[in-house]
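Undergrad: coords below, sequence missing:
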DNA sequence: CTTCTGACA
DNA sequence: TGTCAGCA
């Protein structure tokens, strides 16, 4: 389940393709980038390159705009999402620490117990 | 030909 | 947001 995410993050589409696939003008796409809503890569010639994830983001931005939200509101929306992601990562980190601590205690038990040599796998 | 940056009748 | 200029 990692390959798919990796491919979706590959930036390979020039702005012209994004225009056709999102129905947005180059002006709008570049403007949303100025507002920090997307951060496409650049090729050797300074041309913007977009990924499938960028596409989804742009389509979502277009929907938000159609729903009446302004750029500022959308920026806040994504800002709050980042906070949630950070908190999730922190939770996972804490759980990793617990798992590591648990494994260490389990291994200590094996080596400190005389009978451990009979049930090693 | 396509894209980029900057500017505004 | 559209559009035009002047580059690359």
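TA: Cool, got the structure. Everything numeric here is computed off the predicted structure, so don't read it as measured data.
Undergrad: could you chop chain A up by domain?
TA: A:1-69, A:72-113 (automatic domain parsing).
Undergrad: average model confidence for the first one?
TA: Per-residue pLDDT over domain A:1-69 has a mean of 97.
Undergrad: can it be found next to DNA strand B?
TA: Yes: for a cut-off given as Cβ under 7 Å from any atom of the strand, domain A:1-69 has contacts with DNA strand B, namely A:14-17, A:19, A:26-27, A:30, A:46-48. Yep, even glycine has a C-beta here, placed from its N, CA and C like the rest.
Undergrad: and that domain, how far from the chain's centre?
TA: For domain A:1-69, the gap between its own C-alpha mean and the chain's C-alpha mean amounts to 14 Å (Cα atoms, centre = their mean, to the nearest Å).
Undergrad: kindly report the same for the last one.
TA: Its chain's C-alpha centre and that of domain A:72-113 lie 16 Å apart, by Cα atoms, centre = their mean.
Undergrad: that older thread, tell me which of the domains of chain A is the most buried.
TA: Burial of the domains of chain A is given as mean neighbour count (mean count of other Cβ atoms under 10 Å); domain A:1-69 ranks first at a mean of 14.
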